[in-house]
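Colleague: Task: produce atomic coordinates for the following.
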Amino acid sequence: MQKTIYIKNSLLIFTILLLLSACSARKEKTLFNASTDIVTDTIKQVYVVNDQGLGDLYYKIKVNDILAVRNVQNKEFGSTSSTAASSSGSATNVTAYPVDNDGKVNLPAIGKIAVAGLTRKEVTAKLQAIYEEKQLVDPIIEVSIVNVKVTLLGEFMKQGNFLLERDNTTLIDILGEAGGITKTADPKTLKIIRGDRSNPEIIYVNLNDINSLASKKLILQNNDIIVLQPTKSSVLGEKLQSFNNIIQPLLVVINLAVLIFTFTR
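Modeller: Below you'll find the model as predicted:
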């Protein structure tokens, strides 16, 4: 009788330990914890830690950036350069040119052109005018910056690096490219890590509230890291499932031991 009670008590203690362990699972799976992290359940729309003001609405080209330049009217334009990759990773029919240490880019027919400090639209207009002077027939120049990107990690349908191919790309634009969020995602836990990695600005977003979409903080900047955590229940379920795989064989052994003990008393 005492052995039976001991076995049952041991099983009860084991179950309690299991539940306590499962409760800490959410914390273990949280990406990029910060000392400034807040209780996300209290966020109504957008909350900013270490606010560094509004970023550039229009990205300005820098040294070592890579420009994709094409003339819509001429598919052979710049065909000797390497092709650029799109957000999906597939090669495009657009050629890429690096910005050198002098802030210039070396382009077909016109040579080196200063572009550092200019926006994409400004560079497009500048190249359009220069190529027209070179007597190209009705050039239609398109320019994109192929190394400007954000990184999505966590509960998105597709994780990885995504190019900011357009000016003023918003969080919703990128979520659309990623296919949305997973069924196990907690929409109250999205955060954007921006700026200096040693002292970043952290933007917490509650995707449940449509009013959060109006925030200009959701205009994405180069090298933003966007993180989305799973719900507590999904993490708990995953943890319980892993423990269940251990418990099931153990329960069989315990039940067998109880039966043997009962029949041999």
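Colleague: looking at the protein, which helix or strand is least sure?
Modeller: strand 83-85 (a mean of 50; mean pLDDT, DSSP states H and E).
Colleague: Let me know the pLDDT of the nearest residue to residue 138 once chain neighbours are set aside.
Modeller: Take residue 138 and drop its neighbours on the chain: the residue closest to it by Cβ to Cβ, 6 or more residues apart in numbering is residue 73, 5.7 Å away. Every residue, glycine included, has its C-beta placed from N, CA and C. On pLDDT, residue 73 comes in at 76.
Colleague: Three-state assignment for residue 212, please.
Modeller: On the three-state scheme (DSSP: H, G, I helix; E, B strand; the rest coil), residue 212 is labelled helix.
Colleague: so what's the residue nearest to it when sequence neighbours are not counted up against?
Modeller: Leaving aside its sequence neighbours, residue 212 sits nearest to residue 45 (Cβ to Cβ, 6+ apart; 4.1 Å). Applying Cβ atoms under 8 Å, 6 or more residues apart in numbering to residue 45 gives the contacts 205-206, 209, 211-212, 215.
Colleague: Look up phi and psi at residue 45.
Modeller: phi -130, psi -90 (degrees, to the nearest 10).
Colleague: and what of residue 200?
Modeller: Reported as degrees, to the nearest 10, the phi and psi values for residue 200 are phi -80, psi 160.
Colleague: just to revisit the earlier point, among the contacts of residue 45, which one sits closest to residue 258?
Modeller: Of all those, residue 206 has the smallest distance to residue 258: 50.1 Å, by Cβ to Cβ.
Colleague: Look up which residues are beta-bridged to the residue most central in space within the chain.
Modeller: The residue lying closest to the centre of the chain (Cα atoms, centre = their mean) is residue 152, at 1.2 Å. Residue 152 has these beta-bridge partners by DSSP bridges: residue 160, residue 226.
Colleague: Give me the pLDDT for it.
Modeller: In this prediction, residue 152 carries a pLDDT score of 98.
Colleague: residue contacts, it?
Modeller: With the criterion set at Cβ under 8 Å, 6+ apart, residue 152 makes contact with 158-160, 162, 174, 178, 226, 228.
Colleague: Next one: it from residue 212, what distance?
Modeller: Residue 152 sits 18 Å away from residue 212, taking Cβ to Cβ, to the nearest Å as the criterion.
Colleague: swap in residue 141?
Modeller: Taking Cβ to Cβ, one finds residue 141 at 37 Å from residue 212.
Colleague: go on, residue 150?
Modeller: For residue 150, the distance to residue 212 - Cβ to Cβ - is 18 Å.
Colleague: wait, is residue 202 part of a helix?
Modeller: No. Counting by three-state DSSP, residue 202 is not part of a helix but strand.
Colleague: so where is the stretch 1-150 of the chain shaky, pLDDT-wise?
Modeller: In the prediction, the stretch 1-150 of the chain carries residues with pLDDT under 70 at positions 1-42, 75-94, 135.
Colleague: Which stretches in it count as strands?
Modeller: For the stretch 1-150 of the chain, applying DSSP state E, counting those that start in this stretch gives strands covering 46-49, 66-71, 83-85, 91-98, 104-107, 111-114, 141-145, 149-154.
Colleague: wait, which of those strands is closest to residue 131?
Modeller: Closest of the strands of the stretch 1-150 of the chain to residue 131 is strand 141-145, at 6.2 Å (criterion: Cβ to Cβ).
Colleague: any chance of the strands of the stretch 1-150 of the chain in TSV, plus distance to residue 191?
Modeller: Below are the strands of the stretch 1-150 of the chain laid out as TSV (distance: least, Cβ to Cβ, whole Å):
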stretch	distance to residue 191
strand 46-49	9
strand 66-71	28
strand 83-85	27
strand 91-98	31
strand 104-107	35
strand 111-114	38
strand 141-145	25
strand 149-154	10
